[in-house]
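Chemist: sequence and predicted structure, then a few things I'm wondering about:
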Protein chains: 2
Amino acid sequence: MGFFHHKKEISVQTIRRLPQYLRIFYNLHGYGRELVSSTFLAQETQLLPIVIKKDLQAVGAPSKLRAGFKVAGTIAAIEKFLGWDNLNKAFMVGVGHLGSALLGFQGFKNHGLEIVAAFDTHPEKVSAEVNGVHVYHTAQLATIIEKLNLKIAILTVPASAAQGITDTLVNAGIKAIWNFAPVNLTVPPDVVVQKEDISAGLAELCAKLKR
Amino acid sequence: MGFFHHKKEISVQTIRRLPQYLRIFYNLHGYGRELVSSTFLAQETQLLPIVIKKDLQAVGAPSKLRAGFKVAGTIAAIEKFLGWDNLNKAFMVGVGHLGSALLGFQGFKNHGLEIVAAFDTHPEKVSAEVNGVHVYHTAQLATIIEKLNLKIAILTVPASAAQGITDTLVNAGIKAIWNFAPVNLTVPPDVVVQKEDISAGLAELCAKLKR
């Protein structure tokens, strides 16, 4: 599967590397650097310079001949490509171990995501604040989604609850679900789901270790 | 990059899908099912039957002509391929939000991983138990690694601390590091590192949403 931009197809691999570039460019910008070579980026990322050049050119990063990529312009290009130049209002469903950990992650605001609400069914959690975010009862999902104009759902509920919650989200008009539950969700074609599977990375590590 | 097994190269994509198959096969086994068709697996995983057949054949899953894959045999084949038929002793360095969340994850024992120790420098955490795992001071890393015969490190420290800790781990003989810190680690060629980047999944979701 790929993504079309500037008439070229952009691979999922390229897209997954963009946040890594963005972190480096934010740092360089903080140090007042205006230009950076792909050789420097290759050292920082342990990727080949040609891969970096292709990735950054694909999202329209501005460069200067023989001097490298323009730092501020590249940040703007990546942020624009990912829609991270605007903050989307997101919410978390499920405030267990993982949900709480994600609510504590400071980086989301750099990534176009403002988590403004959380939902759970547990009496001890409802009406509390977790890492500064108010927890509502899951029964209030549809009401609060409309009231707060929420756009992106982060799903950290148990597998058994995930499809039921998803149906509620879809009926409430949510078009993007970041799914941390270990289950495949059934959604209409206009809803995008990104599934995270912590075990996939562990499988990769173990396979490398067994070679 | 690929992995060689049964004289065939196995792709990273295949390896990353194995835990998903394993979860389904564990369920089927729990229900007493002995055989399963790739059509059924396709419905459960939302993957094409041909992809599933190739993946499972690549790890040597046993099948019966026109009846599908043998459930118990396929579980054994995947577990053996990933080394999940034995428990490796793992430990966590960094017991913040994410570290605590991972310590609370119940699934690791099914994935060949037994987390038997954790390390942190924070006085309130050292000597405490987090989700049933004892927290040692990070200064004790080398001693405890040897004493408990630890094999796999899970790194959930801040980016600024990650390379220093990694050097200590490498000197103590650790050969596998699962890295959740947002930084690239420098390690000798015989040490394997698996990097997790939560932002990569978010970038994918946002790019899909912007199409």
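Modeler: The structure has been received and is ready for your questions.

Chemist: the strands in chain A, which residues?
Modeler: Residue ranges of the strands in chain A, as given by DSSP state E, are A:2-5, A:8-11, A:35-36, A:63-64, A:68-70, A:88-93, A:113-120, A:129-130, A:133-137, A:152-155, A:176-179, A:192-195.

Chemist: gap between the closest residue to A:Phe91 other than its chain neighbours and A:Lys109?
Modeler: The shortest distance from A:Phe91 to any non-neighbouring residue, by C-beta to C-beta, 6 or more residues apart in numbering or on different chains, is to A:Ala117 (4.3 Å). Yep, even glycine has a C-beta here, placed from its N, CA and C like the rest. Remark: distance between A:Ala117 and A:Lys109 (C-beta to C-beta, to the nearest Å) = 15 Å.

Chemist: same deal with A:Thr14?
Modeler: 24 Å.

Chemist: what stretches of chain A score poorly on pLDDT?
Modeler: A:1-8 (pLDDT under 70).

Chemist: make it 80
Modeler: Scanning chain A for pLDDT under 80 picks out A:1-9, A:104-107, A:109-110, A:211.

Chemist: and the helices in it?
Modeler: Remark: helices assigned in chain A by DSSP state H are A:12-30, A:38-45, A:49-58, A:71-82, A:97-103, A:141-148, A:159-171, A:198-210.

Chemist: contacts only, for the closest residue to A:Gln140 other than its chain neighbours.
Modeler: Sequence neighbours aside, A:Phe119 is the residue nearest to A:Gln140 in space, at 7.2 Å (criterion: C-beta to C-beta, 6+ apart). By C-beta atoms under 8 Å, 6 or more residues apart in numbering or on different chains, the contact set of A:Phe119 is A:Phe91, A:Met92, A:Val93, A:Gly94, A:Val95, A:Val135, A:Tyr136, A:His137, A:Thr138, A:Gln140, A:Leu141, A:Ile144.

Chemist: quick check on the fourth one: phi, psi?
Modeler: The main-chain torsion angles of A:Gly94 are listed as degrees, to the nearest 10 and equal phi 110, psi 110.

Chemist: which residue packs closest to A:Leu87, ignoring adjacent ones?
Modeler: Per C-beta to C-beta, 6+ apart, closest to A:Leu87 is A:Glu114, 4.5 Å.

Chemist: contacts only, for that neighbour.
Modeler: Contacts of A:Glu114 by C-beta under 8 Å, 6+ apart are A:Leu87, A:Asn88, A:Lys89, A:Ala90, A:Phe108.

Chemist: what is the burial count for the nearest residue to the fourth one once chain neighbours are set aside?
Modeler: The reference is to A:Ala90. Spatial nearest neighbour of A:Ala90, chain neighbours left out: A:Ile152 (4.0 Å); criterion: C-beta to C-beta, 6+ apart. By other C-beta atoms under 10 Å in any protein chain shown, the residues close to A:Ile152 number 23.

Chemist: then A:Gly201?
Modeler: A:Gly201: 19 neighbours (other C-beta under 10 Å).

Chemist: shouldn't it be in contact with B:Ile198?
Modeler: No: between A:Gly201 and B:Ile198 there is no contact under C-beta atoms under 8 Å: 10.8 Å.

Chemist: coming back round to it: most neighbours of all the contacts of A:Glu114, which one?
Modeler: So for the contacts of A:Glu114 (other C-beta under 10 Å), the most neighbours sit at A:Ala90, 21 neighbours.

Chemist: what about that one, distance to B:Thr14?
Modeler: Counting by C-beta to C-beta - A:Ala90 and B:Thr14 are separated by 32 Å.

Chemist: A:Thr14 and A:Lys109: who's more crowded?
Modeler: A:Thr14 (22 against 12).

Chemist: how about the more buried one: what's its closest non-neighbour residue?
Modeler: Nearest one to A:Thr14, counting by C-beta to C-beta, 6+ apart, is A:Asp55 at 4.7 Å.

Chemist: burial of the one you found, as a residue count?
Modeler: Neighbours of A:Asp55 (other C-beta under 10 Å): 24.

Chemist: which ones are touching the residue positioned nearest the centre of chain A?
Modeler: The residue lying closest to the centre of chain A (C-alpha atoms, centre = their mean) is A:His111, at 6.5 Å. By C-beta under 8 Å, 6+ apart, the contact list for A:His111 reads A:Pro19, A:Leu82, A:Trp84, B:Ser199, B:Leu202, B:Ala203, B:Cys206.

Chemist: tell me how far it lies from B:Ser199.
Modeler: Taking C-beta to C-beta, one finds A:His111 at 6 Å from B:Ser199.

Chemist: which residue ranges make up each domain of chain A?
Modeler: A:2-82, A:88-200 (automatic domain parsing).

Chemist: follow-up on the earlier one: residues contacting the residue nearest to A:Thr14?
Modeler: Contacts of A:Asp55 by C-beta under 8 Å, 6+ apart are A:Thr14, A:Arg17, A:Leu18, A:Tyr21.
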